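[1] give me a model of this one.
(3 chains)
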Amino acid sequence: MNFKKTIQLVVNGAAVQRDVEPRTTLLDFLREDLGLSGTHMGCEHGVCGACAVLLDDAPVRSCCIFAVQADDQRVTTVEGLAPKRGQMSKLQDAFCEKHGLQCGYCTPGMLIACTALLAQHPQPTEAQVRDAISGNLCRCTGYQQIVDAVMYATTQGVARESI
Amino acid sequence: MSPFKYVGKHRRAVEHKRFVLGQGRYAADIQVPGMLHVALVASPYAHARIVKVDTSAALALPGVHAVVTGAELSQATDAVLPGVDAPQVKRFAMASDIARYAGEWVAAVVADTRALAEDAAELVVVEYETMPHIMDPEAAIEPNATLVHPAHGSNVIFHRKFVWGKVDEAFEQCEHRISYRVRWARNATVPIETFAVACNWSDATGVLDVWASIQMPKFPDQLAKALRLPGNAVRVHFDVDVGGSYGVKRGLKHSILVGYLARKLGRPVRFVEDRIENMRGGDMQGPDRIFDVEMGFDANGTVQCMRMRALDDIGAYSGRSPLQLGKPVGAIVGPYRIKSVSYDAMAVMTHKTPQEAVRGFGQAPTNYAIETGMDKIARYLGMDRIELRLHNLIGKEEFPYLIPSGTYYDSGDYSTVLGKAMAAGSFEDLLKERDALRSEGLLAGIGISTCLEPSGGNSSFEPLFNPKNETTTWMDSCLVRVDLSGHITALMGTSSSGQSHETLVSTVVAEILQRDPESIRVLHADSLNALPSNSPVGSRMAIMLGGAAAGAAKKIRTKLLAIAAYQLQCSVDDLLYADGQVLHRADQRVLMTWDALVEIAHRKFHLLPDGMEPGLQEKFVWEVPTGGQLPTSDGRVQMYPCHSFESHLVLLSIDPDTCKVTLRRYVCGHDCGVMISPDVVHGMTYGGIAHGLGAALMEKFSYSEEGQLLAGTFMDYLLPSAHEVPSITIVDHCTPSPLTEFGQKGSGEAGYLGSPAAIASAVNDALQPRGASIDALPMTPQAIWTALHSSQLTGT
Amino acid sequence: MKAAPFDYVRANHVQHALELLSQWGGEAKLIAGGQSMVPMMAMRLARPVCLVDIDRISELKQFQLHSEHVNLGAGVRQSSVEHSAELCEALPLVAQALHWVGHQQTRNRGTVGGSLSYADPSAELPLASLVLGANIQLESASGGVRSVLASDFFLGPMFTALAEDECLISIDWPVWQGAGIASGFEETAIRHGDFAMASAACQLQVDAHGKITRLSFGVGGVDGTPLVFSDLAVQMHGQTLNEEAARELAHVAASRSQPGTDIHANADYRRHLAEVLLNRVLWKAYQSACKSFSNH
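    Got it, this is the predicted structure:
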């Protein structure tokens, strides 16, 4: 049984069109079909958040969506968070400054969740940050420096011009 | 004023940039053209004879390239043997005639995609004959218990009772004694990335390339051996980013399987564990330990002696797991002046998933057992728990301090660290807050732990637990080179899983050569061009890799001075090396610049001293300080060289009705000597505390009586989120180690080694007014309710 | 964990979806947000031969606020309700329940109808629908629409009155009008966002003298379906509540539950939790209602 479907999405600002098996998750589509390996697989059952992406600007678990369901939608992955090549977003920069990561595996999901948070709450409280990342598990950091990074990002000025 | 220019300063980790940009390179990201994918068929039974494996339907599915059984694998590869002397406990990547735990791999399907491989795996028909199984470690040591490995003759794979000092006499003489049992539940550090491995065999070169999410000593050697390949036919790429390990990424069996498949098929093959394969078949579960402890003490609180019996359930096969009873020998008395100890260590097999190395390698459970005793003694004597500890802590002036089991603790100032933690609390504020919470009707408690963090990875528990294994070499290495452009590159010989080693090495080399650390590139070698390394285990890399990097950089510095002295026709003693330049020692004027020296070294052979090699590259291979000795016949040995220390202070409340725990305040006093990268050390400490919180309150690999893993997904094995881990305050102290270049000690296991003890201490402090207590982890709401309920029933 | 192969059709309207369901017999399944369905399929516990996607059907995404009820399309996202000030004001109990539903990322996909039709015994929205006496509209392939009371809809764990050829299309959530109204939802789970070990919900209304004029309360996670205690609620009409009466009410209600046992919580503890939480929501809501009334 094959039944491939043609889907079109806008991923990180670029229009893509592919034929996919319905059972291919959005996660596997991004990683394998589009080669965007920045989004990570942690559990494939919707708990760890390592697979988080923005779907029409809302953070979602890409392991819990079949790619065919996302037809005609906009996806932003970690690779699409930097304002442009050679720069980092304020948040990415803050994660680096405050050591908000160690192994980096949960980091893309964290950045996605925090980017979405800051779009709604540009000056979040610590409690709001913890709530925003409560669906993203990390085993390295104990979350402290991630929270510090987001708080730091929201008290700083413009993103650094170059990496 | 810090004596250092770069060491100990805030610095952005070099690794971070690629991770925040989504440009990390993890094993599942490696694409090799023509790659095939693996899915597994696992035994649903805890113990069963494999009668027949019918692969025909699976093989017939389009897109399937092979279906391999355990029988084939056990012919084609060598068994992996345990770290203890038990040659009959053999382990292959897959089961052939007998499956010994639910989740053990029985067949492997290789197909064009993982999805297809899973489709085919469902079509493999296995006929099983179930057999009686044994799940309880205490039942497993009874006579006539069902045997997991009948050829071994018993379920006890290791047993030794150590007696250090006149223990019996000491117990006779002391005024009081307590005895108690604590239970450390089976948990693990469960990284978010599962184990993944890709292999590619080349007929043309005879090399097996391996990309794996690995953190394991001697992995390339063991892999080569199992695959019956010479060591120089296996190239493990250590530049693969590993998504967290904290001990557990030991996928030797996964790699043997995939290496075999790659060679068999002549195609690159990749296996990425899914979470279910990982949880029950990945062999990454941790210590599962019952401690029976007796402590003897005097009325003034001096703890004189201890008898500890540790029974560890290692599951159905043995990796390094029994040795996790051995490492704690090196800190068996914790930070206390306990003069005599007996340690009865027993590793037993059951039909559970095999146990592997977990952060701390057995020290966290042992610290929990020791600290529980200290709290119980304090309660027994009506003494303050802190006073009791202060009374027993080894004093600053007593170092190097020899503990009964033969290890010298290098340095420490335990009471100061405890004092700093208390000041940061502040302890008075915590008491007030506790009382306020109690007056609101909540149960509330303060927990304390003061724990050793041995570091340096001198794994002398290997010969200690297996006299046939006379390994005393525990080394690490670094190669530093300066290229023609004058830029520095350093090469390390192992993988990293979040410890920011590239940052560590570049900071160290920068400190020695006094060049900008941002200009120094650090690479991971592969196993064919790496210098010897024993991997990041046992909190060893700051010490060992830091020491090796410093050693290599110092050799370069020496060489630069020698070149300069030869140029200037003076003695090296007249010269000073500073900021990459050579100065006149007397008047500090610059005599030779970095660029000039580099130019001579690389291009101007005619200006080099006689006998000097051209170029600027030096290696340093370093044996662990204080290492290199075999244990004595009564089991005394120097274990790890350096001893970090942590003191936790926790305030928590418990809802008396729902029995849910809320952590309110968390302070950790930490001393790991000089911190080379403070951000990194703090990060590991926060993370370790979170691991410990999980172990203390919610993590357990639960098994049913039928031998099924009940906590096999993230819905049932609960990892703490940002809601459960509180804000943590770390307070640093520094007692340098006399054994290392900068005075650094290791700290990779920080936080985890002391937090379960501290949280248990707090829960018991909270329950005490109700006459209840808990001596088993995890302390879930259910467990707390049961404890409160039963104390009500018995009226205690 | 990759799903078994299946065919996929995006339905343009409900009848289209139902036609497809009929065509495939029991082998096709509807999918909206997929937050429960996709993981089940990944674990191969669910293996529909065809997945009929109803997540883009605009009729299902509508909602209307009326004075006595809110009609919510089954396809309305949990996050849309959460972020709608007017919906939260009209349905405070639903707003309170949503606080406990999964995580932001799951609420951004999960739908109200999806949660109700999945009918997990510990899920929050089914309990809220039961306590509020919601009316659930089901459309069948023949085009007919029937209305089922929440109390007749949840039949067992993951088992509802939905026929194989039916789709849940909307829910009428009663809106309580007037002064002296308060509601409460509490849950105990090991981690925030986990399945509840037990949950309790109530909504009540009092008059100027603190006498109960309206009351509805229930518990979740402690039986095959969420439970509502209409008979016990009716007995409280015209009465004031004190702490002892709240405790007694909670005790009687909780003792009717038949909780299961798993690795996280045994039956006794769950029943105890249900009683504790019910007591809390009742007493807190009552106090809040009395207070709010006196502020009018």
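
[2] how many neighbours does the residue of the stretch 501-650 of chain B found nearest chain A have?
    The nearest approach of the stretch 501-650 of chain B to chain A comes at B:Thr503, 9.8 Å away (Cβ to the nearest Cβ). Heads up, the C-betas are built off the backbone N, CA and C, glycines and all. Other residues near B:Thr503 number 23, with proximity taken as other Cβ atoms under 10 Å in any protein chain shown.

[3] that one: what secondary structure?
    In three-state terms, and counting by DSSP: H, G, I helix; E, B strand; the rest coil, B:Thr503 is helix.

[4] what's the single longest helix in chain B?
    helix B:541-568 (DSSP state H).

[5] average pLDDT for it?
    Mean pLDDT, helix B:541-568: 97.

[6] show me what from the stretch 601-750 of chain B comes close to chain C.
    Residues of the stretch 601-750 of chain B lying close to chain C by Cβ under 8 Å from any Cβ of the partner chain are B:657-658, B:660, B:698, B:700, B:702, B:710-711, B:713, B:715-716, B:718, B:720-721, B:723-724.

[7] how about a cut-off of 6 Å?
    B:Asp657, B:Thr658, B:Met698, B:Ser702, B:Leu710, B:Leu718, B:Ser721, B:His723, B:Glu724 (Cβ under 6 Å from any Cβ of the partner chain).

[8] which of these sits closest to B:Ile338?
    Of all these, B:Met698 has the smallest distance to B:Ile338: 31.8 Å, by Cβ to Cβ.

[9] so the closest one touches C:Arg191, yeah?
    No: in this structure B:Met698 lies outside contact range of C:Arg191 using Cβ atoms under 6 Å: 7.1 Å.

[10] one step back: ok, the residue of the stretch 501-650 of chain B closest to chain A touching B:Val14?
    Yes: between B:Thr503 and B:Val14 there is a contact under Cβ under 6 Å: 4.8 Å.

[11] buried stuff in the longest helix of chain B?
    Buried residues in helix B:541-568, counted by 16 or more other Cβ atoms under 10 Å in any protein chain shown: B:541-557, B:559-561, B:563-567.

[12] next one: stretch B:610-629
    Going by 16+ other Cβ under 10 Å, stretch B:610-629 has these buried residues: B:Gly615, B:Leu616, B:Gln617, B:Glu618, B:Phe620, B:Val621, B:Trp622, B:Glu623, B:Val624, B:Pro625, B:Thr626, B:Gly627.

[13] now do the contacts for the residue in chain C positioned nearest to chain B.
    Chain C approaches chain B most closely through C:Lys2 (3.8 Å), counting by Cβ to the nearest Cβ. Residues in contact with C:Lys2 (Cβ atoms under 6 Å, 6 or more residues apart in numbering or on different chains) are B:Arg114, B:Ala115, B:Glu118.

[14] wait, is the last one part of a helix?
    Yes: under three-state DSSP, B:Glu118 sits within a helix.

[15] state the pLDDT value of it.
    Reported pLDDT for B:Glu118: 98.

[16] dig out what the residue nearest to it when sequence neighbours are not counted forms beta bridges with.
    Sequence neighbours aside, B:Ala39 is the residue nearest to B:Glu118 in space, at 4.4 Å (criterion: Cβ to Cβ, 6 or more residues apart in numbering or on different chains). Beta bridges link B:Ala39 to B:Val109, judged by DSSP bridges.

[17] in terms of contact, does B:Ala39 touch B:Ala117 like I think?
    Yes: at 3.5 Å, B:Ala39 counts as touching B:Ala117 under the criterion of Cβ under 6 Å.

[18] count the residues that sit near the residue in the stretch 101-250 of chain C positioned nearest to chain A.
    Ranked by Cβ to the nearest Cβ, the top residue of the stretch 101-250 of chain C for proximity to chain A is C:His103, at 3.0 Å. Using other Cβ under 10 Å, C:His103 has 24 neighbouring residues.

[19] wait, doesn't it sit right on A:Leu137?
    No: using Cβ under 6 Å, C:His103 is not in contact with A:Leu137, being 10.6 Å away.

[20] now the strands for the stretch 601-750 of chain B?
    Along the stretch 601-750 of chain B, the stretches classed as strands by DSSP state E, counting those that start in this stretch are B:616-623, B:642-654, B:661-671, B:729-733.

[21] ok so, going back, who touches both of B:Ala39 and B:Ala117?
    Counting by Cβ under 6 Å, 6+ apart, the residues touching both B:Ala39 and B:Ala117 are B:Val109.

[22] if we can go back for a sec, out of the buried residues of helix B:541-568, which touch chain A?
    Checking those against chain A by Cβ under 6 Å from any Cβ, not one of them is in range.

[23] that older thread, tell me the pLDDT of the residue of the stretch 501-650 of chain B closest to chain A.
    Looking at B:Thr503, its pLDDT is 98.

[24] mind listing what it touches?
    Counting by Cβ under 6 Å, 6+ apart, B:Thr503 has contacts B:Ala13, B:Val14, B:Ser677.

[25] the first one: what secondary structure?
    This means B:Ala13. Secondary structure state of B:Ala13, per three-state DSSP, is coil.

[26] and the lengthiest helix in chain C, what other elements does it pack with?
    In chain C, with assignment by DSSP H, the single longest helix is helix C:267-295. With contacts taken as 3 or more Cβ pairs under 6 Å, 6 or more residues apart in numbering or on different chains; DSSP states H and E, helix C:267-295 sits against strand C:181-188, strand C:198-206, helix C:243-254.

[27] which one of the contacts of B:Thr503 has the most neighbours?
    Most surrounded of the contacts of B:Thr503: other Cβ under 10 Å gives B:Ser677, at 28 neighbours.

[28] hmm, back to that, anything in contact with each of C:His103 and A:Leu137?
    With Cβ under 6 Å, 6+ apart as the test, C:His103 and A:Leu137 reach no residue in common.

[29] burial measure for the closest residue to chain C within chain A, as a count.
    Chain A approaches chain C most closely through A:Gly135 (3.0 Å), counting by Cβ to the nearest Cβ. Per other Cβ under 10 Å, the neighbour tally for A:Gly135 reads 26.

[30] how close does the residue of the stretch 501-650 of chain B closest to chain A get to B:Thr113?
    Per Cβ to Cβ, to the nearest Å, B:Thr503 is found 38 Å from B:Thr113.

[31] also B:Ile50?
    Distance, B:Ile50 to B:Thr113, by Cβ to Cβ: 27 Å.

[32] ok, the residue of the stretch 451-600 of chain B found nearest chain C - contacts?
    Nearest residue of the stretch 451-600 of chain B to chain C (Cβ to the nearest Cβ) works out as B:Gly498 at 22.9 Å. Going by Cβ under 6 Å, 6+ apart, B:Gly498 touches A:Gln102, A:Cys103, A:Cys140, B:Gly244.

[33] would you state the helices of the stretch 401-550 of chain B in chain order?
    Assigned by DSSP state H, counting those that start in this stretch, the helices in the stretch 401-550 of chain B fall at B:414-425, B:427-439, B:461-465, B:501-513, B:541-568.

[34] okay if I get those helices as a markdown table plus distance to B:Ala299?
    Formatted as a markdown table, the helices of the stretch 401-550 of chain B follow (distance: least, Cβ to Cβ, whole Å):
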| stretch | distance to B:Ala299 |
| --- | --- |
| helix B:414-425 | 22 |
| helix B:427-439 | 25 |
| helix B:461-465 | 36 |
| helix B:501-513 | 48 |
| helix B:541-568 | 41 |
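
[35] residues from chain C in reach of chain A?
    C:1, C:3, C:5-8, C:34-35, C:38-39, C:42, C:103, C:105, C:108-109, C:192.

[36] at 8 Å instead, please
    Counting by Cβ under 8 Å from any Cβ, the residues of chain C near chain A are C:1-8, C:10, C:31, C:34-35, C:38-39, C:41-43, C:51, C:53, C:55, C:79, C:102-106, C:108-109, C:192-193.
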